[in-house]
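**Student:** Fold the following, please.
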Amino acid sequence: MTAAQAQDKLSALPGWMLAPGGQSIRKEFLMAGFSAAAELIGAIAKVADAADHHPDVHLTGYRKLLIELTTHSAGGLTDKDFALAAQIEKLPKRLKV
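**Tutor:** A predicted model of the protein is given here:
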């Protein structure tokens with residue numbers, strides 16, 4: 001997928017961005033706390049397992065949650081990444097307000 005194609009698909013995913021190098025997309029969530037972050041990771045695991053497409057999940061500072069999607073077998077972005085990002089967007093989240 002070209003960077004232009006990826007940017008076009010990102011327009012439907014607020015807050016998601018193309019990672020440096022253009023091989024993945026990512027979004028950071030500032031969660032209400034550690035438990036809220038763990039809860040979202042669990043919810044993401046369920047939809048990722050169902051899609052057989054698994055993101056990289058980085059939890060730092062006990063509530064900063066970074067989700068990064070790429071299709072490892074394709075060596076970059078595919079429609080699977082954008083579909084999973086859309087599913088993640090629909091999940092309930094307890095964010096820091």
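**Student:** what ranges do the strands span in this protein?
**Tutor:** 17-18, 25-30, 56-60, 64-69 (DSSP state E).
**Student:** among those, which is nearest Lys9?
**Tutor:** Minimum separation from Lys9 across these (C-beta to C-beta) falls at strand 25-30, 8.4 Å. (Glycine included, C-beta is placed from N, CA and C.)
**Student:** So which bits of the closest one are buried?
**Tutor:** For strand 25-30, a neighbour-count test (16 or more other C-beta atoms under 10 Å) marks Ile25, Arg26, Lys27, Phe29 as buried.
**Student:** Quick one: residues contacting the first one.
**Tutor:** The one in question is Ile25. Neighbour list for Ile25: 6, 10, 13, 16-19, 68-70, 77, 81-82, 85 [criterion: C-beta atoms under 8 Å, 6 or more residues apart in numbering].
**Student:** still on that earlier bit, any chance of the buried residues of strand 25-30 in CSV, plus pLDDT?
**Tutor:** Output for the buried residues of strand 25-30, formatted as CSV (pLDDT from 0 to 100):
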residue, pLDDT
Ile25, 98
Arg26, 98
Lys27, 98
Phe29, 97
